[in-house]
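>>> here is a sequence with its predicted model. Questions after.
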Amino acid sequence: MGGRNLITRSARWSAVHPWWAMTLWVVFVLGALVVGGMAGTRSATDSDLAIGQSGRSAAIAKSGGLEDHAVENILVTPYRDKLDPGVARAAADDAVAALKGAEGVASIGRPVRAPDGSALLVPVTLKGDPETAADRVQPLLDRLDETRRSHTDVRVELVGAGTIKAGLDDMLAKDLTKATGLSLPVTLIVMVFVFGAIVAASVPVVLGISSVLAGLGLWGVASQLVPDPGPVTHIIVLMGMAIGVDYSLFYLKRQREERALGARNIDAIEIAAATSGHSVMVSGLVVMVSMGALYLAGHIAFESMATGAVLVVAIAMLASLTVLPAMLSKFGPYLDKPRVPLVWRLTQKGGLKPRLWSTMLKPSLRHPVIALVLSVGVLLALALPALDLKLKATGIDDLPKSIPAMQANARLTQSFPSQADTHTVAVKVPEGQRGELRTAVAALVESAERNKLFTHTPPPEVHTSKDGTVATIAVGTRFNSSSEKARESLSVLREDIAPNTVGAVEGAEFAVGGSDVAYDVDYRANVVEKMPWVLGVALLLTFLVMAIAFRSLMLALITVVLNVLSAVASFGLLALIFQRTWAEGILDFESTGRVVAWLPLMLFVILLGLSMDYHVFVVSRIREAARGGLSIRDAVEQGITRTAGVVTSAAVVMVCVFALLASLNFIEMKQMGVGMACAVFLDATLIRIVVLPAVVTLLGWKTWWPSRLAHQDESKPARLPAAVEERTTVY
């Protein structure tokens, strides 16, 4: 059999030398885990994530040695309406005694009573880098346990940035464990319904798990260069399982079909490599290049997520093209064992051309114009709410209220409004302007105290570097970071007060940051600025890969348009669900009125890649049938009906895995899960069953322009691919 390319040659080698191929794969996965474990995962710091004025503010403060210290607060509040001052003071004294001398505590301040008498607060300054405070708060929480047991009439808590982050990390770890644990049996159940046999159902799951493990291991190494801001491991797990299962599912399904048609096992594997293997490679390349567009977003969070996704997709693609043929070769005789009786009979009765899919395709094939207009109209209607899409970087107010530290923080900000959010004005001047700096700082403090947007008790807090050239002014607000008043206060500082005071000093460099709202404003501005570039490059690269792979500019254009349709429809659903309150009870969340700022970009490029899994698979089968001499309409029907079962199964796996995210507590993960599940569902149903067949039917042979297939004479069957031309049955 001649004309083999790299894909078919590697598949045949693996099939002929299965033990070697499987051993090398196991060594690779274990090696990745060992290397990753040795390297560890480097987490992104606030400095890594800094952006815009908020980032410059932190850099200016650090240059003068004025970076913030990690501060936790002992908070004493009543269980009932009124706090007894004597009882509160006794509890606070015992808490201070418990923490005094503890490792990691730099100093403990004086007790401060809330203006309304509802709470007592004691600030505790920690040693070390404030960005790693979350790793050091647990021993302090343990020390307070005895105080809590001794003072059951009041609530004694430790609350601050460190305890909140530690609580969030703990919740995310539990959620991820739950989602991963549920995704495995769900995926296996779906695969059982696809194949009707346990061994065959297990193969895609094993490939998916091994891809995830290798991806997590190599991500530990990659994170040393591109640190992890948090969501990367979640993305690796989800994309690794979804793509790893899908790729092996397509390959395995085609191999089984060829075996059913009488091909020998090795030949069936090679045919699957030449067809489904080619689709896997094209799809994998599209995913990687589309994710690579995120490097243009200009922020470490996008760069790290792109790196993690590209790693796991490359690994899943490699697994499908190398070790999967070996598994099919070695375990081929056992793939249909043990059979699940009822399910096995259903899979066999379905045959290669299910009547259900033929019936569903009829409207698109017989009335393509009507089908196209109606389906596109539905997608555009779903996309309409996206015109009002509002973005927001996740701040402390957006964290789940189920975290105990967040409940304590709510009590803290209620009793001490000055703790709600604090802007930091950082300024640096030349050495000769130190006197002018002091005067300007005093003018800034006076202006802030006169403005009702800022708190007056306590007054703005000023710190100056030892050489007197750098100063920071902490200006408190009584508004949480998600409120419009908080944004207004930041705008007043940035555009009025700071420029007219410290900014008026000759040679001064200043910036306003420090608060959640400042980071949110800067982050959103960066996303909005870079979004057209990222989306444009992702679509252009997708267009180029499809054009080269199928030698068709028209098909590449169709691919881009269909992906944009499904993406904007999912954006509309995100706005409809999460910017309003009607779905709060259904999905168990509290609406912030906005969508997480990084999600649209990330969602778009992920969906651009994931939808290519079955798009390439379906289009390849349509082209294969057309090259075999069928009319366009018959080729569309045959290509879609013969792939409908496997495409539906792949989509069900994705939707189930992503839907598990919707059950998690963290709003970022919930929005990502809902957005991806909705988009995959729309793409696998409305796009693939209605829009795609209608478009191809309308365009006819022009779909393949400018390839030779565009000029196909239906009366003369085209030459089949080398890997399948020896077969007598045309697909």
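Cool, got the structure.

>>> give the helix, strand or coil label for residue 426.
strand (DSSP: H, G, I helix; E, B strand; the rest coil).

>>> measure the closest residue to it other than its chain neighbours to residue 496 for me?
Closest residue to residue 426 apart from its sequence neighbours, by CB to CB, 6 or more residues apart in numbering: residue 60 at 3.9 Å. C-beta here means a position set from N, CA and C on the backbone, and glycine is covered the same way. Plainly put, residue 60 is 20 Å away from residue 496 if you go by CB to CB, to the nearest Å.

>>> the more surrounded of those two?
residue 60 (22 against 12; other CB atoms under 10 Å).

>>> hmm, back to that, next, the contact list for the residue nearest to residue 426, please.
426, 427, 428, 470, 472, 509, 510, 511 (CB atoms under 8 Å, 6 or more residues apart in numbering).

>>> at 10 Å instead, please
Contact analysis of residue 60 by CB atoms under 10 Å, 6 or more residues apart in numbering lists 66, 424-428, 470-472, 509-511, 513.

>>> for residue 430, same thing?
436, 437, 469, 505, 506, 507, 508, 509.

>>> now the fifth one, what are its backbone angles?
This points to residue 506. phi -60, psi 130 (degrees, to the nearest 10).

>>> how about it: what's its closest non-neighbour residue?
Looking at residue 506 with CB to CB, 6+ apart, the closest residue is residue 433, at 6.1 Å.

>>> for the residue nearest the centre of the chain, give its distance to residue 612.
In the chain, the residue lying closest to the centroid (CA atoms, centre = their mean) is residue 235, at 5.2 Å. Remark: distance between residue 235 and residue 612 (CB to CB) = 17 Å.

>>> related to what we said a few turns ago, tell me the average confidence for the host helix or strand of the residue nearest to residue 426?
Element membership for residue 60 (DSSP states H and E) is helix 52-63. Per-residue pLDDT over helix 52-63 has a mean of 90.

>>> got it, and stretch 545-559?
pLDDT averaged over stretch 545-559 gives 88.

>>> stretch 219-228 now?
91.

>>> before we move on, what about stretch 33-42?
Here stretch 33-42 scores 90 as its mean pLDDT.

>>> check stretch 635-647 too.
Mean predicted confidence for stretch 635-647 is 81.

>>> pull the number of nearby residues for residue 377.
10.

>>> likewise for residue 200?
Count around residue 200 with other CB under 10 Å applied: 26.

>>> residue 407 too?
Residue 407, neighbours per other CB under 10 Å, totals 15.

>>> check contacts around it.
Contacts of residue 407 by CB under 10 Å, 6+ apart are 155, 157, 159, 167, 401.

>>> from those residues, list just the buried residues.
155, 157, 159, 167 (16 or more other CB atoms under 10 Å).

>>> any chance of the residues you listed in CSV, plus distance to residue 453, pLDDT and secondary structure?
Below are these laid out as CSV (distance: CB to CB, whole Å; pLDDT from 0 to 100; DSSP: H, G, I helix; E, B strand; the rest coil):
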residue, distance to residue 453, pLDDT, secondary structure
155, 31, 92, strand
157, 29, 93, strand
159, 25, 92, strand
167, 30, 89, helix
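
>>> could you dump the residues you listed into a markdown table and include distance to residue 37?
A markdown table is the format used below for the buried ones among the contacts of residue 407 (distance: CB to CB, whole Å):
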| residue | distance to residue 37 |
| --- | --- |
| 155 | 40 |
| 157 | 35 |
| 159 | 34 |
| 167 | 26 |
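
>>> just those now: which is nearest residue 356?
Residue 356 lies nearest to residue 167 out of the buried ones among the contacts of residue 407, by CB to CB, at 48.7 Å.

>>> mind listing what the closest one touches?
By CB under 10 Å, 6+ apart, the contact set of residue 167 is 134, 137, 141, 159, 399-400, 402-409.

>>> and for residue 543?
286, 553, 555, 556, 557, 559, 560.

>>> swap in residue 425?
57, 60-61, 441, 444-445, 448, 460, 462, 471-475, 493-494, 497-498, 501-503, 510-514.

>>> rewinding a little: what about the contacts of residue 167, which are in helices?
Filtering those for membership in helices, criterion DSSP state H, returns 141, 404, 405, 406, 407, 408, 409.
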